[in-house]
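>>> Just a sequence and a predicted model for now, questions to come.
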Amino acid sequence: QVQVVESGGGSVQAGGSLRLSCTASGTIFSINGMEWYRQTQGKQRELVARISSDGDANYEDSVKGRFTISRDNVANTARLEMNRLIPEDTGVYYCKQEVETEQAGLRYRWLEVWGQGTQVTVSS
């Protein structure tokens, strides 16, 4: 079974930086898109950034120019570099990876696997 584990959250003052990572493990043949979402209090989970298998990145408007998503295909890892953080960036950040895997003898493409979330708190 594939698992995705995030790390790197924490508390920072406005203007600071944090780096998030998420690594997939288990039976993985390949990974398509890797995405970061965030959920703030009282709001639905929203897509923050996505990186395709060939490295094309897309961002939600409010983070453009401040956040950078990257991936390491050997390590099955996605990273989110967050700079010039503002209080509105506060929330729980979730990673999702679209994996090609095998379970109970069946091949799946692309199974969406979520991490458990990591808290980011930005104080003013």
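Received the coordinates, thanks.

>>> CA only for contacts and neighbour counts going forward, please
Noted.

>>> burial count for Gln41?
9 (other Cα atoms under 10 Å).

>>> Just give the closest residue to it, not the sequence neighbours.
Gly91 (7.1 Å; Cα to Cα, 6 or more residues apart in numbering).

>>> Need the CA coordinates for the longest strand along the chain. PDB is fine.
Identified as the longest strand of the chain according to DSSP state E is strand 91-103. C-alpha atoms of strand 91-103 as PDB (Å, rounded to 0.1, in the frame of the first residue of the first chain):
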ATOM      1  CA  GLY A  91      -3.600  26.400   7.400                       C
ATOM      2  CA  VAL A  92      -3.100  22.700   7.200                       C
ATOM      3  CA  TYR A  93      -1.100  21.800   4.000                       C
ATOM      4  CA  TYR A  94      -1.800  18.400   2.300                       C
ATOM      5  CA  CYS A  95       0.200  16.700  -0.300                       C
ATOM      6  CA  LYS A  96      -1.400  14.500  -2.900                       C
ATOM      7  CA  GLN A  97       0.500  12.200  -5.400                       C
ATOM      8  CA  GLU A  98      -1.000  10.400  -8.300                       C
ATOM      9  CA  VAL A  99       0.800   7.000  -8.300                       C
ATOM     10  CA  GLU A 100       0.900   4.000 -10.500                       C
ATOM     11  CA  THR A 101       0.800   1.100  -8.100                       C
ATOM     12  CA  GLU A 102      -0.300  -2.500  -7.700                       C
ATOM     13  CA  GLN A 103      -2.700  -3.800  -5.000                       C
END
